[in-house]
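Participant: Let me see the structure of the following:
(chains A and B)
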Amino acid sequence: MTELDTSEYADVWVFVEVHDDVMPVSWELLAEAKTLTAKTGDDLVALVIGEDVDGIAEEALARGADRVLVADDPVFEPYRADPYGAQFRAMVEARKPSIVLIGGTHTGRDFAGRVAVPTHAGLTADVTEIDVDDEGILQARRPAFGGDILATIVCEDHRPQMATIRPGVFEAADPNYACETTLEGSIERVEVVVDEADCISEVLERVVDATADITEAERIVAVGAGIEGDLEPALELAEALDAELAATRAVVDEGWVDGARQVGQTGKTVRPDLYVAVGISGAIQHVEGMNKSETVIAINDDPNAPIFDHADYGIVGDLFDVCPQLTELVQERGILEVAR
Amino acid sequence: MTWTIVVGVKQVPDADEVGIDPDTGRLDRANAPAVMNPPDRNALEAALELRDTVGGSVLVITMGPPNATIVLEEAIAMGCDDAVLVSDRAFAGSDTWPTSLTLARAAETLEADVVLCGEETTDSSTGQVPPGIAAHNGWAQLTYAEELEPQPDEGRLVARRDVEGGYELVAAQLPVVVAVAYGEFDPRPAGLHRKIFAENDFEPREWTAADLDIEDEVGLDVSPTAVGTMETVEPVERRSELVDSVNALLEPLEETEVVG
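Facilitator: Down below sits the predicted model:
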């Protein structure tokens, strides 16, 4: 293998994931990537691929990107792996980014896996912490072995250094960042290298409701396998508390709750003031995503369930009794409005 | 026009049996029994259903040590037609880049029309290998597939893909690599006769890196990523206070300014 001259590579790119709107994780990455470019002196570059995305490019600047690269063409709407992959590859070869960060959504993971191969990039999945060392080497930290261990993955000899980042771990970039810092970035439209005739896939239909964003919720009622398919008690409690519903992977895999509401490894990280765990055993993969909650209350009928070790308050009891009782008590007392 | 359907499977440590090493306090994966990566069962079922509809054959491949044969036997017992063990010391230290290259070359050699994989492996949870296979071969990819509709006359496979907040239907030209959403395609049980055959008479084909002409393109040296340090995650401090009545839960709700 020929040695790669890593000194030719510079700048931190953030992939801005666009489906009508921008996925929130993209703005989270933009904010966190600032901590990397502050150390390396690189430019922070937002990568916007899509159709009619000028407004999104402007927003990326407003949120603090030094530069925005725009590939604007109907071939990029909606997302498909093959045209996005070909476009990205051409841009990487021409511009040589040192680091590329991508949100760990289904689309982000589909894209990252595709584009890392032809550029022989190093790609780390499901990252929850990022940093750079003195040589500009990305330190991508991710939970391993079910979450008991945090592994640091590095990519010394290949470029770009790529990572998919779990949604919800970082705070989103301020939409007025640039105004407050009088930052002036530039938008550059790049050559589109993809032709529809060369595409090998076709999106026939796309059905997406407004996606729930549990990462911003201040109060969460989360359900585990203990609900046995009956969401009603948890939904009523959530309504009484003005809380968002969330779920473990087991519940999502059963199809009881949409995947956008999954907390934990391969799902989202949440940081609410209040997290009520209903019928959740407390597997480490789930706990990892709720660790940043301020106060945790657990309801479970198994006194030995590990969730009680990860909760501030616990009650051993049948959730089908406890939830309605608690709902009623809360309704009697009246809740305070969520401070937003 | 029948299809050659290739399924990539992997042997992983049984996540339910991974214990703690009493000396180091670290997770002990080496002594956990090895099992088939659970999401791969969904991929096998999806492959067998495609064969039921379109006709053709289901070939299973795994990369691993010689004892990984056992997961191939399981796949044969489920009804797969043939299996290949890709095994070589040269693969040691491979990250997802050379792993997906190896599987891509194997799929090409087998003249695959469709390659199916599980969504991700439970031991490393990257989900990067299926799109990696597609990228190495320049093939189409369909990840997070919940349903599949073969269209053999058009040489296409349509997948219903799970995406945030909904789904999309995507048609891909063959050859195509599919990552099956974990939990979809409920795996069929092995038939008794097939199981006896798999365990007693079946021998997989065996390929080395040289057989795939990739002996210089695999292993640690070509793997872009490396594991640096490993730190034990300190548990977050919690009060872990058990209350004995639902009423008592109002107190923390007051403290967190949820109720008045």
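
Participant: Any idea how many residues pack against residue B:140?
Facilitator: Per other C-beta atoms under 10 Å in any protein chain shown, the neighbour tally for residue B:140 reads 24. (C-beta placed from N, C-alpha, C; glycine too.)

Participant: now swap in residue A:109 and tell me
Facilitator: When neighbours are defined as other C-beta under 10 Å, residue A:109 has 26 of them.

Participant: ok, now how distant is residue B:73 from residue B:36?
Facilitator: Between residue B:73 and residue B:36 the computed distance is 10 Å (C-beta to C-beta, to the nearest Å).

Participant: Show me which residues of the stretch 51-200 of chain B are close to chain A?
Facilitator: Residues of the stretch 51-200 of chain B that fall close to chain A, judged by C-beta under 8 Å from any C-beta of the partner chain: B:95-97, B:100-101, B:120, B:124-132, B:134-136, B:139-144, B:158, B:161-173, B:182-183.

Participant: Generate a PyMOL selection restricted to the buried entries among those residues.
Facilitator: The following PyMOL selection, which keeps only the buried ones among these, applies the criterion 16 or more other C-beta atoms under 10 Å in any protein chain shown:
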select buried, chain B and resi 95+96+97+100+101+120+124+125+126+127+128+129+130+131+132+134+135+136+139+140+141+142+143+144+158+161+162+163+164+165+166+167+168+169+170+171+172+173+182+183
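
Participant: Sort out for me which of the residues of the stretch 51-200 of chain B next to chain A are in strands.
Facilitator: Using DSSP state E, the members of those that fall in strands are B:140-144, B:158, B:161-163, B:166-173.

Participant: can you pull the contacts of residue A:338?
Facilitator: Each residue near residue A:338 by C-beta atoms under 8 Å, 6 or more residues apart in numbering or on different chains is listed here: A:218-219, A:242.

Participant: And stretch A:11-23, end to end?
Facilitator: One end of stretch A:11-23 to the other measures 22 Å (C-alpha to C-alpha, to the nearest Å).

Participant: pLDDT of that stretch, averaged?
Facilitator: Per-region confidence: stretch A:11-23 scores 94 on mean pLDDT.

Participant: In contact with residue B:108: list those residues for me.
Facilitator: When contacts are counted by C-beta under 8 Å, 6+ apart, residue B:108 touches residue B:137.

Participant: Could you list the residues in contact with the helix ranked longest in chain B?
Facilitator: As far as residue count goes, and with DSSP state H defining each element, the longest helix of chain B is helix B:38-54. When contacts are taken as C-beta under 8 Å, 6+ apart, the neighbours of helix B:38-54 outside the stretch itself are B:2-3, B:5, B:7-10, B:56-58, B:60, B:71, B:75, B:78-80, B:114, B:116-122, B:145, B:148, B:150, B:152, B:178-188.

Participant: Filter the residues you listed down to the buried ones, ChimeraX style.
Facilitator: Entered in ChimeraX, the line below selects the buried ones among these, by 16+ other C-beta under 10 Å:
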select /B:3,5,7,8,9,10,56,58,60,71,75,78,79,80,114,116,117,118,119,120,121,122,145,148,150,152,178,179,180,181,182,183,184,185,187
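
Participant: Where helices are concerned, which of the contacts of helix B:38-54 count?
Facilitator: Those of those mapping onto helices are B:71, B:75, B:78, per DSSP H.

Participant: distance of the second one from residue B:231?
Facilitator: In this structure, residue B:75 and residue B:231 are separated by 37 Å, where distance is defined by C-beta to C-beta.

Participant: Give me the below-cutoff pLDDT ranges for the stretch 201-340 of chain A.
Facilitator: Counting by pLDDT under 70, the stretch 201-340 of chain A shows low-confidence ranges at A:211, A:339-340.

Participant: Show me the helices in it, by range?
Facilitator: Counting by DSSP state H, counting those that start in this stretch, the stretch 201-340 of chain A has these helices, from start to end: A:232-241, A:249-253, A:284-290, A:319-333.
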